[in-house]
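**Student:** Any chance you can model this:
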Amino acid sequence: MNRRQFLGAAAAGLTPLRSQTPESHIDVLLHETGAAIAPEIYGHFVENLGGVIYDGIWVGERSSIPNVNGLRKSLVEALQRVKPGMIRWPGGCFADQYDWRDGIGPRDKRPRRTNFWLDAQEWAKGVRREGPQRYDPNQVGTVEFANFCKLVGAQPYFAANLRSLNAQDFWRWVEYCNSPAKSTTLADQRAADGHADPIGVRYWGVGNESWGCGGNFDPEDYATEFNRYTAWIPNYAAPLSLVGSGPDGGNVDWTRRFFAKIAKLNTLGRLWGWALHHYAWNASGGRTSDWMAGKRDAVSFDAEQYYEILRDADEMENLIATHWAVMGEYDRQHRSKLVVDEWGAWYASGTEPFPEALIGQQNTMRDAVLAGLTLDTFNRHADKVAMASVAQLVNCLQSLFLAHEDKFCLTPTYHVFGLYAAHQGGKSVRTVVASPATHYVRNGAAAAMRGLNGSASLKESTLTLTVTNPSMDQPREVEISLHGGIPRSVTGVVLAAGDPHAHNTFEQPKVVEPKPVNAYIKGTGVVHQFPPASVTRLTIEVG
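**Tutor:** Predicted coordinates for the structure are as follows:
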């Protein structure tokens, strides 16, 4: 169905803009509101991997680097500004080797443990790995991480160790976190660690990537373990939201077989969320499907590699729809929601901000577009996606921050989260985008991906519309029609650069920054030109 056919069927009686000039159109149906966009969709991921925690978040209370109780002050203040809904910890693959008891008690007496990522093949040759990247000092444990979440205004989301600890260890960790003050021995220990009141952790992952590093289970065996670990957990004052270890990308078989098993055992009611992981990584143009060989550089990319990463990321739309349909075969009321708790770009090693930043990579305008189109997808599916976390917060994969010693900078992805924060808590509004496809050459043949992408949300009379233009070189003139309201005023902010390779560094931290932009009211809508490789937010007051 094309745009005009859609409007004839879905918006009969309304008068859209009818300019003959723009080739792209966005129709916002103000009366077709959906679910509220959960703040937890705007979540983040922290793992003891490379420079994420130590040197990234944690510098120590005695550091000359400005800090708040050991937490890097510049990162804390910047994160507060983008209103993080949730932060997931301690992993990732690290979670299923982690014993939470190692992170309690006096910090100077905590044990040092071998880090899961000790022998990762991504380490550059000759990198000295004698510090926390290799041997975890456990300076950041449960209370330290909970304090970090509280300081930045985020809900903590803990991933429990299902591979190497037992079910009792899981519920004891819940007891340590949530039991009332002075009620249990573990509550006393929590108080001794500096947190007398319950932490109140609601979100718990029951393992991580249990099809892989989290135990190499098959779905039926994982379902058995999920049932065993969740058979009894103390709730205290707040019911828990338990998240199952879901599929790797498009592995529908994992979802179907897990749901079939727990439906048969009548334990679906325990599953609040179903985790989905999807990384955009294969930039080879289909020449290989090998995990390592398919990756390309984060900064030095050609047009094919640029579009391949974005097209791979845009597969998120299909993944959500496909897994949601399979979940509905067993959970007709859809009591369980999707939790996309790992997403983002994953490139080849070589652009790390410093040698110890394992799987660290630079972050360009391509990654900003990737973040925008992914968050727009979550917004449109706010009825299905309850939580999500980009991987990872700092110095790893698609980070919001780069930080090392006294150096610190914001990435383009950070600025996208800043632009999109206005969506949190708003009602998702049905938005129809009609735009020419983006064409490129893939392995010598013609290929295409979607053109403009966007989402809208409404809070009282304020409409927030976000749009990404993935084209490397084509601006898009767009007429935006509002159905069910009239624009009274419009303001805009754009994140763009003359070159999609543009990125921020410690030496040049402001190469990519958002800037105000003009948009114009025309009749019952708005006209705006979206520049190439850009992410834009328009704020429209509706009458």
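**Student:** Where do the helices of the stretch 1-150 of the chain begin and end?
**Tutor:** Assigned by DSSP state H, counting those that start in this stretch, the stretch 1-150 of the chain shows helices spanning 3-10, 73-81, 142-152.
**Student:** and if you look at the chain?
**Tutor:** For the chain, the helices defined by DSSP state H cover 3-10, 73-81, 142-152, 167-178, 185-192, 219-230, 252-264, 303-313, 316-330, 365-380, 412-420.
**Student:** Burial-wise, tell me which of those helices comes out on top.
**Tutor:** helix 365-380 (a mean of 27; mean count of other C-beta atoms under 10 Å). Yep, even glycine has a C-beta here, placed from its N, CA and C like the rest.
**Student:** any idea how far it is from the chain center?
**Tutor:** 10 Å (C-alpha atoms, centre = their mean, to the nearest Å).
**Student:** Now stretch 118-138: buried residues?
**Tutor:** Going by neighbour count (16 or more other C-beta atoms under 10 Å), the buried part of stretch 118-138 is Ala120, Trp123, Arg129, Pro132, Gln133, Arg134, Asp136, Pro137, Asn138.
**Student:** Could you identify the most distant pair in the residues you listed?
**Tutor:** Trp123 and Asn138 (21.7 Å; C-beta to C-beta).
**Student:** Name every strand pairing with the longest strand along the chain and say which way it goes.
**Tutor:** The longest strand of the chain (DSSP state E) is strand 24-36. Strand 24-36 has the following strand partners under DSSP bridges: strand 427-434 (antiparallel), strand 476-483 (parallel).
**Student:** relative to helix 365-380, how tilted is the first one?
**Tutor:** The one in question is strand 427-434. 120 degrees (axes from the mean of the first three to the mean of the last three C-alpha atoms, to 10 degrees).
**Student:** ok, residues contacting strand 427-434?
**Tutor:** Among residues not part of strand 427-434, those counted as contacts by C-beta atoms under 8 Å, 6 or more residues apart in numbering are 2-3, 6, 24-30, 32-37, 379-380, 382-383, 451-459, 463, 465, 467.
**Student:** Buried among the residues you listed? Make that a PyMOL selection.
**Tutor:** Those of those that count as buried under 16+ other C-beta under 10 Å are selected in PyMOL with:
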select buried, resi 3+24+25+26+27+28+29+30+32+33+36+37+379+380+382+451+452+453+454+455+456+457+458+463+465+467
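**Student:** picking up where we left off before, go through the strands paired with strand 24-36 and name the closest to Asn363.
**Tutor:** strand 476-483 (23.8 Å).
**Student:** Quick check: buried residues in the closest one?
**Tutor:** Neighbour-count burial for strand 476-483 [16+ other C-beta under 10 Å]: Arg476, Val478, Glu479, Ile480, Ser481, Leu482, His483.
**Student:** What's the mean pLDDT across that strand?
**Tutor:** Across strand 476-483, pLDDT averages out at 96.
**Student:** Just give me how far it sits from the chain centre.
**Tutor:** Relative to its chain's centre, strand 476-483 lies at 28 Å (C-alpha atoms, centre = their mean).
**Student:** CA atoms only for it, dumped as CSV, please.
**Tutor:** Extracted C-alpha coordinates of strand 476-483, given in CSV (Å, rounded to 0.1, in the frame of the first residue of the first chain):
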residue,chain,number,x,y,z
ARG,A,476,15.7,14.4,1.9
GLU,A,477,13.1,17.1,1.6
VAL,A,478,10.1,15.9,3.6
GLU,A,479,6.6,17.1,4.2
ILE,A,480,5.3,16.0,7.6
SER,A,481,1.5,15.8,7.9
LEU,A,482,-0.2,15.8,11.2
HIS,A,483,-3.6,14.0,11.3
